[in-house]
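Colleague: A structural model of the following input is requested.
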Amino acid sequence: MIERPEAPSIAASSVEADDRLDPLLDRPPYRIVRPYRVRFEEATLNETVRTAIYLAWTADIAWQHSTLVGFGRDWYSSRGLFWLVRAVRLDVLRPIRTYQDVFVSTQVPGYRRIAARRHSEVLDASGELLASLEIDWVMVNGRGMPTRVPEQMLQFAADRSATFEMLRVSLPETPPDAVEGSFHVRRRDLDPLDHVNNSVYIDYVEEALEAAGHGALLTAAPRRYEIDFVASAERGDRLVGRTWPVEGGCAYRLSRADGTEVLRAKVALNQSGPIAGPAAG
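Modeller: Sure, this is the predicted structure:
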């Protein structure tokens, strides 16, 4: 594994303003960078990383960052608080090969009353951008209800005054000729909260697109994934997914067997490139 360079802590204003800083350097406490490697079991038949792994990496480094600044799992558990992923925008710019070493960054550009956004980048050893993610998280209490983000967390945002519009995916009514598939939630799909893990939904989306004859889209670069998590799927749920083409790509809607919508998604070719986050480096 390649070594991660270290950098001294700097002011949040510098993180936000100086885009000449080396993107592989830590800028704690506002932004951290960690190394990852694509393991054999994380790769596709094309010898490139599975798309779901991008979300696994960013969830892992988000917890590392939170723990680093004093909000570890014990802190959340003692207060009955949790973060749930609400929406994701992922731009895959260049393929990442099996066993390739990469660096993943995370930072919090800003907060809303009950939500936070994390901006993450995946870079190679030279600092070249391979993928970019915007992830909106919602804070909930022990009853699963949205609750206000504690004030002490705001000091670790790259810009405490920053806010943002929550990501949304709007889809038309599912057309009658959409390709439909159903399946049950598997034990291996679940996270410690007994819900389907957010990265697993990416596998659901890609499996549906491939079954509908749109597998070529999943190896194109650059491409963009927009995922809107509407409700949670849980152990034993029977889910119904429907896929149909839209301009530049495909749409996907996932529902429970009773018709309750769980997820809306779009996957499309992206000619405009990622939307840069604050202090992207």
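Colleague: contacts only, for residue 253.
Modeller: Residues in contact with residue 253 (C-beta atoms under 8 Å, 6 or more residues apart in numbering) are 171, 174, 178, 241, 242, 261, 263, 264, 265. In this view, the C-beta of every residue, glycine as well, is placed from N, C-alpha and C.
Colleague: now the residues you listed as JSON lines including distance to residue 69, neighbour count and secondary structure?
Modeller: JSON lines is the format used below for the contacts of residue 253 (distance: C-beta to C-beta, whole Å; neighbours: other C-beta atoms under 10 Å; DSSP: H, G, I helix; E, B strand; the rest coil):
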{"residue": "171", "distance to residue 69": "37", "neighbour count": "16", "secondary structure": "coil"}
{"residue": "174", "distance to residue 69": "43", "neighbour count": "15", "secondary structure": "coil"}
{"residue": "178", "distance to residue 69": "44", "neighbour count": "16", "secondary structure": "coil"}
{"residue": "241", "distance to residue 69": "38", "neighbour count": "24", "secondary structure": "strand"}
{"residue": "242", "distance to residue 69": "41", "neighbour count": "20", "secondary structure": "strand"}
{"residue": "261", "distance to residue 69": "35", "neighbour count": "13", "secondary structure": "strand"}
{"residue": "263", "distance to residue 69": "31", "neighbour count": "23", "secondary structure": "strand"}
{"residue": "264", "distance to residue 69": "33", "neighbour count": "20", "secondary structure": "strand"}
{"residue": "265", "distance to residue 69": "31", "neighbour count": "26", "secondary structure": "strand"}
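Colleague: any chance of those in JSON lines, plus pLDDT and distance to residue 110?
Modeller: Putting the contacts of residue 253 into JSON lines (pLDDT from 0 to 100; distance: C-beta to C-beta, whole Å) gives the following:
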{"residue": "171", "pLDDT": "96", "distance to residue 110": "27"}
{"residue": "174", "pLDDT": "97", "distance to residue 110": "34"}
{"residue": "178", "pLDDT": "98", "distance to residue 110": "36"}
{"residue": "241", "pLDDT": "98", "distance to residue 110": "33"}
{"residue": "242", "pLDDT": "98", "distance to residue 110": "34"}
{"residue": "261", "pLDDT": "98", "distance to residue 110": "28"}
{"residue": "263", "pLDDT": "98", "distance to residue 110": "25"}
{"residue": "264", "pLDDT": "98", "distance to residue 110": "24"}
{"residue": "265", "pLDDT": "98", "distance to residue 110": "24"}
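Colleague: tell me the one among those nearest to residue 200.
Modeller: residue 263 (10.8 Å; C-beta to C-beta).
Colleague: what bridges to that closest one?
Modeller: With DSSP bridges applied, residue 263 shows beta-bridge pairing to residue 229, residue 254.
Colleague: from memory it sits against residue 226, does it?
Modeller: No: taking contacts as C-beta atoms under 8 Å, residue 263 lies outside contact range of residue 226: 11.0 Å.
Colleague: and for residue 125, the neighbour number?
Modeller: Residue 125: 12 surrounding residues under other C-beta atoms under 10 Å.
Colleague: how far away from the center of its chain is the biggest helix by length in the chain?
Modeller: Of all the segments of type helix in the chain, defined by DSSP state H, the longest one is helix 51-68. On the basis of C-alpha atoms, centre = their mean, to the nearest Å, helix 51-68 sits 9 Å off its chain's mean C-alpha point.
Colleague: what of stretch 109-119?
Modeller: Put simply, stretch 109-119 sits 14 Å off its chain's centre (C-alpha atoms, centre = their mean).
Colleague: how about the most centrally placed residue in the chain, what does it touch?
Modeller: The residue lying closest to the centre of the chain (C-alpha atoms, centre = their mean) is residue 55, at 4.4 Å. Listed by C-beta under 8 Å, 6+ apart, the contact set of residue 55 reads 85, 88, 90, 133, 135, 198, 199, 202.
Colleague: and the fifth one, what helix or strand is that in?
Modeller: Think residue 135. Assigned by DSSP states H and E, residue 135 falls within strand 129-140.
Colleague: residue ranges of the strands in the stretch 51-200 of the chain, please?
Modeller: Under the criterion DSSP state E, counting those that start in this stretch, strands of the stretch 51-200 of the chain are mapped to 82-92, 101-111, 115-123, 129-140, 179-184.
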